[in-house]
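[1] Could you work out the structure for the sequence below:
(2 chains)
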Amino acid sequence: MGSEHPVIEMNSLWVVYDHTHPALVDVSVVVDKPEFIIVIGPNGAGKTTLLKVLLGMIKPTKGWARVFGFDVVREAEEIRRLTGYVPQRDIINFEVPLSVKDVVLMGLLPKKRIPRIPSSSDLKRVEEALEFVGMGDLWEEKFSDLSGGQQQRVLLARALVSEPKLLLLDEPLSAVDVASQDAILRILRHLREEGTTIVMVSHDINPVVEYVDKIMLLNKRVVAYGTPSEVIREEVFSEAYGYKVKIIEHAGVCYAITGDVHA
Amino acid sequence: MIGYIVLRAALGLALIAALSALAGTFAVLRGLSFIVAGVAHAALGGAALGVFLSSSGILPFDASLYGAIGAGLLLALTAAYVGERGAVGEMETAIGVAFALAMCVAVFFMYYIPPEQAPKIWGFLVGDVMLLTDSDVLLLLCITLAWLAMVALFHREFTYIVFDIEGAEAHGLSVRRYHYALLLMIALSVTVSTKAIGAIIVYAVMIAPVAAAANISSSMKKVFGYGFIFASTACFSGLLLSLVLDISPSAVAGIVSASIYLTTLFIKKGVR
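    Next comes the predicted model:
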């Protein structure tokens, strides 16, 4: 199984929390070739839930989803072997004193057998992943001592160290300085050119719009899914956000003024 | 004989310091310091139930320790179940409810227990290190060895789930089994330590030394190391002072633990 299947298939997918709170409603999307997709929408739109469904961490209430042909409920382990994940940084416990190297090893060792002792080739891969994200000289540093942008790049290295075919990122640009945002986006574009599919959740489309192939506008339902020129339209955004969203154009690129602040 | 008693107490305290460094580290870093107090008091309720079952003739043996271990593990299982998705706040609430329930159970059964059996229960609240038995020390040794084996094999897994349980799961770790194993081992350590030296001192030496170590450590190895040193300092200063002066070793250990924690807190703030 693998390359002959679409990267992602979601069919009439529902996720309902506590039997009463729908997070995703009737989502049907197919990603059949490597693309850079940004998922945007207002707070509580189900963006993070969507990523967790694809990783098999949340079971769909109705419908189904497959990644590289593997079912997210029954074959989550296979999916996780092929997928890298960058979670929201605020769920990480900075009180745990780990070095940068140890954090990146975390992307490799769970996939090994117990006792999961890192080999010299594992350490080499960690070094390469850190160099790839421009953090090679910081690998002995304490993770919690780094800046927000540096931490985010280390988490990206952790997701990339197992050379995934699909990369899922949850708000990787949140609370990150502009220089780090730019560095992260250039890395992602390079990965996309190498054939990695990228699905990135963000509350702000504007820093990313020049880099992405597709935009998924989500508000529990898929309000729109297509290329930036197809999706970035006032009526589409206004429907998703529930209020008037202004679109402005600069140097041939459209930007949305949503005024949304991530909680 | 007195020399033997002191030696046994010293060995017991060294083992409790080791358990503090092992179990306490993961409890503190998981954000679950309260589980130590919860399990220690659940043990009290379980011991009361065990003594009641024995004294009323339902069980033909002294079931106080079994009751304590059962109640401690039940509290940990409840907290683990509630927190399967990693929500620490919900686990703390469950621990709080179980804590209150266990204390109520203890008070409930106290009425039906013969007065001469009551010290068995109070021993779980305010133990005395000089009254440790050989079997207490043996039990502490077994739990410490089990912890050392677990940490040798699974320290990375436990560290990953305290650092980022969601990321650990996404990268392929079966977090559920380690989450349960961690909480059950913490509960077992706390229960056995409570039996040996009482709930009050257990909370003092299991949390504060490790929290102090975490304040000044740059690696997990240092948290374990400093945690052991600080817990030993607290325990042995209590033991030594109680030999010289007529004071409670538990109280001294608790005061020394808290003082070490406050000192490291100021150091940490000063560094920032």
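
[2] So which residue is dead centre in chain B?
    residue B:190 (2.6 Å; CA atoms, centre = their mean).

[3] Next, the contact list for the residue nearest to it when sequence neighbours are not counted, please.
    Residue nearest to residue B:190 in three dimensions, not counting chain neighbours: residue B:39, with 4.2 Å by CB to CB, 6 or more residues apart in numbering or on different chains. Where C-beta positions appear, they are placed from N, C-alpha and C, glycine not excepted. If you count contacts by CB atoms under 8 Å, 6 or more residues apart in numbering or on different chains, residue B:39 has them with B:72, B:75-76, B:186-187, B:190-191, B:194.

[4] Okay, and which of those map to helices?
    B:72, B:75-76, B:186-187, B:190-191, B:194 (DSSP state H).

[5] Could you check how many residues crowd around residue 256?
    Looking at chain A here, since you left the chain open. 27 (other CB atoms under 10 Å in any protein chain shown).

[6] that's the other chain; I wanted chain B
    Other residues lying near residue B:256 total 23 when counted by other CB under 10 Å.

[7] Please report the distance of it from residue B:227.
    Taking CB to CB, to the nearest Å as the measure, residue B:256 falls 14 Å from residue B:227.

[8] circling back to that earlier point, isn't the residue nearest to the centre of chain B up against residue B:41?
    No. The pair residue B:190 / residue B:41 is not scored as a contact, 9.9 Å apart, by CB atoms under 8 Å.

[9] Show the subsequent helix or strand relative to the helix or strand where residue A:29 lies.
    In this assignment (DSSP states H and E), residue A:29 forms part of strand A:21-31. The C-terminal neighbour of strand A:21-31 among helices and strands, as given by DSSP H and E, is strand A:36-40.

[10] Residues contacting that following strand, please?
    Here strand A:36-40 has contacts from A:31, A:47, A:50-51, A:188-189, A:192, A:197-205, A:208, A:211-218, using CB under 8 Å, 6+ apart.

[11] Residue B:139 contacts residue B:191, correct?
    No. In this structure residue B:139 lies outside contact range of residue B:191 using CB under 8 Å: 9.6 Å.

[12] Just want to know which of those two has more residues nearby.
    In terms of neighbours (other CB under 10 Å), residue B:191 is the more surrounded of residue B:139 and residue B:191; the figures are 30 against 21.

[13] Tell me the buried residues in stretch B:253-260?
    With burial defined by 16 or more other CB atoms under 10 Å in any protein chain shown, the residues of stretch B:253-260 counted as buried are B:253-254, B:256-258, B:260.

[14] Could you tell me which of the residues you listed are located in helices?
    Short answer: the buried residues of stretch B:253-260 in helices (DSSP H) are B:253-254, B:256-258, B:260.

[15] can you give me the mean pLDDT across the lengthiest helix in chain B?
    Identified as the longest helix of chain B according to DSSP H is helix B:134-170. For helix B:134-170, the mean pLDDT works out to 94.

[16] How far away from the center of its chain is that helix?
    From the chain centre to the centre of helix B:134-170 is a distance of 13 Å (CA atoms, centre = their mean, to the nearest Å).

[17] where do the helices sit along the stretch 1-150 of chain A?
    Assigned by DSSP state H, counting those that start in this stretch, the stretch 1-150 of chain A shows helices spanning A:47-54, A:76-82, A:100-105, A:120-132, A:148-160.

[18] Can you get me a residue count around residue 42?
    Unless you meant another one, I'm taking chain A. Residue A:42 sits with 18 neighbouring residues when counted by other CB under 10 Å.

[19] try again with chain B
    34.
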